[in-house]
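Novice: coordinates for the following, if possible.
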Amino acid sequence: MDTEIVNTVSFGNAPRSQADFSGIGNTIYAKVPPGATTDVICIDTSADTICSTDIFGVVPTIDQVVPTASAVNSGITIYGSGYRDVVNVSFNGTPAAFSASGATVLIVVVPVGATTGPITVTAASGFSVTTPFDFVVQ
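Specialist: The predicted structure follows:
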């Protein structure tokens, strides 16, 4: 495909999550937008829309956890990316109740049974990310 005819590149079902992209010859380089979800990648041209047959998997990130210590049943906030299709958040292996506030914020309740240890966020893609520090359960 000649990259000069490409209008947009989108990832998953985010609201036509148009990615910043560039191309050379028949190679497209695209930056995954914050609202991307685990799904296909589509390329829109003036003549057609072409989607991948393989599924693109979003890898969540954790940029910040506020606070880094709290009691059971307290709310915390996790900031990062790839949160539109998160399926699990756990504290040292104990699953927690959570809700996503957009693609970059998770509101999480420290679960009963949680112990001091890392927090893990898992996306529908199966990819997960774990904090490089232990969350302290008080």
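Novice: for this protein, which segments count as helices?
Specialist: Ranges of helices in the chain, per DSSP state H: none exist.
Novice: middle-most residue in it, spatially?
Specialist: Centre of the chain computed as the mean C-alpha position; nearest residue by C-alpha atoms, centre = their mean is residue 82, 1.2 Å away.
Novice: please name the nearest non-neighbouring residue to that residue.
Specialist: residue 60 (3.8 Å; C-beta to C-beta, 6 or more residues apart in numbering). C-beta: built from backbone N, CA, C; applies to glycine.
Novice: ok, now which ones touch that neighbour?
Specialist: 80-83, 86, 121-123, 127-129 (C-beta atoms under 8 Å, 6 or more residues apart in numbering).
Novice: may I see the ChimeraX selection of the buried members of those residues?
Specialist: Filtering the contacts of residue 60 down to the buried ones (16 or more other C-beta atoms under 10 Å) takes a single ChimeraX command:
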select :80,81,82,83,86,121,122,123,128,129
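Novice: which of the contacts of residue 60 scores worst on pLDDT?
Specialist: Minimum pLDDT across those is recorded for residue 82, with 84.
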